[in-house]
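Student: Here's my sequence, what's the structure:
(one chain, ligands or ions: 1)
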Amino acid sequence: MMVRSSSGQYRAPVRWQLPAAPRAGLGGGARRHRYTRAVSGANLLPVDGLASLEEAWLPSGEADELMARLVDGLDWQQEHARFGAKVVALPRLTAWYGDAGYGYSGVYHPPRPWPPVLDQLRSRLVRPDLVGGPGGRGPNTVLVNYYRGGQDSMGWHSDDEAVLGPAPTIWSVSLGATRRFLFRHRASGQRVEISLSHGSLLVMGGQCQHCWQHCLPKTAQPVGPRVNLTFRSTAPAADVTWPVTGRRARGAP
Ligand SMILES: O=C(O)CCC(=O)C(=O)O
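Tutor: Predicted structure coming up:
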């Protein structure tokens, strides 16, 4: 397991080895690691993928202002997804912008011009020291999710559509209420739990999307609204040449 350092070199992570306590109910020897603190630059995943978290990526004043602008200014949509014969309203509002389209669970977002505020944010994500940072190629699309309260959520899924490439990098910026975010290893069921707070940046890369799923569970706690932006490097569907592995069931309530 290697992590990219600020000098661009790869090194072994040193801080993710927390005690692994067996938990009842997860089955198959699955284990849960809890992270109470972000470790910038270190890999949060014990195997098969990269994920790094910077808690105060945006200063809180800037994050407050950005949240207010996005909540008021974006063109939020209530999407409906198809799961077999069932059509369900997704438990969140969404907006999509960028140079390519994107589809999942029967939802399709066509390409849409960047609002300047999101284009500026995107340009700040092109940093060689971010885990999974793509030698110069930054994000060209963003999916924005608006969670109005604790009952809004995102179900288990991976961002592994062919248009995201064989080793997708996902840059995830969170604003507003702090929420739990879980990873689950597809083969072993092992889980990793983190908290995504106001102004944080989570970067997922390497084989993370192929070997792990992730979700944002509902909570019974009274929590305020939250906006999450997942910036992606998305190829036009016509340009996709790698094998399609995508298995998608995002957002089931
Ligand atoms: O809101 C989040 O933190 C998760 C978003 C997510 O998983 C996605 O958009 O694919």
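Student: so the residue most central in space within the chain is in which element?
Tutor: Nearest to the geometric centre of the chain sits Ser172, at 4.7 Å (C-alpha atoms, centre = their mean). With the criterion set as DSSP states H and E, the secondary-structure element containing Ser172 is strand 170-176.
Student: tell me what that strand is packed against?
Tutor: Applying 3 or more C-beta pairs under 8 Å, 6 or more residues apart in numbering; DSSP states H and E, one finds that strand 170-176 makes contact with helix 60-73, strand 200-205, strand 226-232. C-beta here means a position set from N, CA and C on the backbone, and glycine is covered the same way.
Student: Report whether the shortest one contacts the ligand.
Tutor: The reference is to strand 200-205. No: figure legend: strand 200-205 not in contact with the ligand (C-beta under 6 Å from any ligand atom); closest approach 7.4 Å.
Student: Take the helices and strands packed on strand 170-176 and lay them out in a markdown table including mean neighbour count.
Tutor: Shown next, in a markdown table, are the helices and strands packed on strand 170-176 (neighbours: other C-beta atoms under 10 Å):
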| stretch | mean neighbour count |
| --- | --- |
| helix 60-73 | 15 |
| strand 200-205 | 24 |
| strand 226-232 | 23 |
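Student: Compare the mean pLDDT across the ones you listed and name the weakest.
Tutor: Confidence, taken as mean pLDDT, is least for strand 200-205 of the helices and strands packed on strand 170-176 (a mean of 94).
Student: just to revisit the earlier point, check the offset of the strand holding Ser172 from the chain's centre.
Tutor: Centre-to-centre, strand 170-176 and its host chain are 7 Å apart (C-alpha atoms, centre = their mean, to the nearest Å).
Student: can you list the residues that contact that strand?
Tutor: The set of residues that contact strand 170-176 without belonging to it, under C-beta atoms under 8 Å, 6 or more residues apart in numbering, is 57-58, 63, 66-67, 70, 121, 125, 130, 139, 147, 159, 164, 196-205, 208-209, 224-232.
Student: give me that answer again for 6 Å
Tutor: With C-beta atoms under 6 Å, 6 or more residues apart in numbering as the test, strand 170-176 has contacts from 63, 67, 125, 139, 159, 196, 198, 200-204, 225-232.
Student: One more: stretch 57-64?
Tutor: Judged by C-beta under 6 Å, 6+ apart, the contacts made with stretch 57-64 from elsewhere in the structure are 175, 198-201.
Student: List the beta-bridge partners for the residue nearest to the centre of the chain.
Tutor: With DSSP bridges applied, Ser172 shows beta-bridge pairing to Leu202, Thr230.
Student: nearest spatial neighbour of the closest residue to the ligand within the stretch 151-253 of the chain, skipping sequence neighbours?
Tutor: Distance from the ligand to each residue of the stretch 151-253 of the chain (C-beta to the nearest ligand atom) is smallest for Asn228, at 3.2 Å. The shortest distance from Asn228 to any residue that is not its chain neighbour, by C-beta to C-beta, 6 or more residues apart in numbering, is 4.7 Å, and that residue is Asn145.
Student: So what's the residue count around that neighbour?
Tutor: The local packing count at Asn145 equals 23, with neighbours defined by other C-beta atoms under 10 Å.
Student: And what about it, helix, strand or coil?
Tutor: Under the three-state scheme (DSSP: H, G, I helix; E, B strand; the rest coil), Asn145 adopts strand.
Student: wait, doesn't it sit right on Arg92?
Tutor: Yes: taking C-beta atoms under 6 Å as the contact criterion, Asn145 and Arg92 are neighbours in contact, 5.0 Å apart.
Student: List the contacts of Pro139.
Tutor: Applying C-beta under 6 Å, 6+ apart as the definition, the contact partners of Pro139 turn out to be 122, 125, 171, 231-233.
Student: Those into CSV, with extra columns for distance to the ligand?
Tutor: Listed next are the contacts of Pro139 as CSV, based on distance: C-beta to the nearest ligand atom, whole Å:
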residue, distance to the ligand
Arg122, 15
Leu125, 15
Trp171, 11
Phe231, 10
Arg232, 9
Ser233, 14
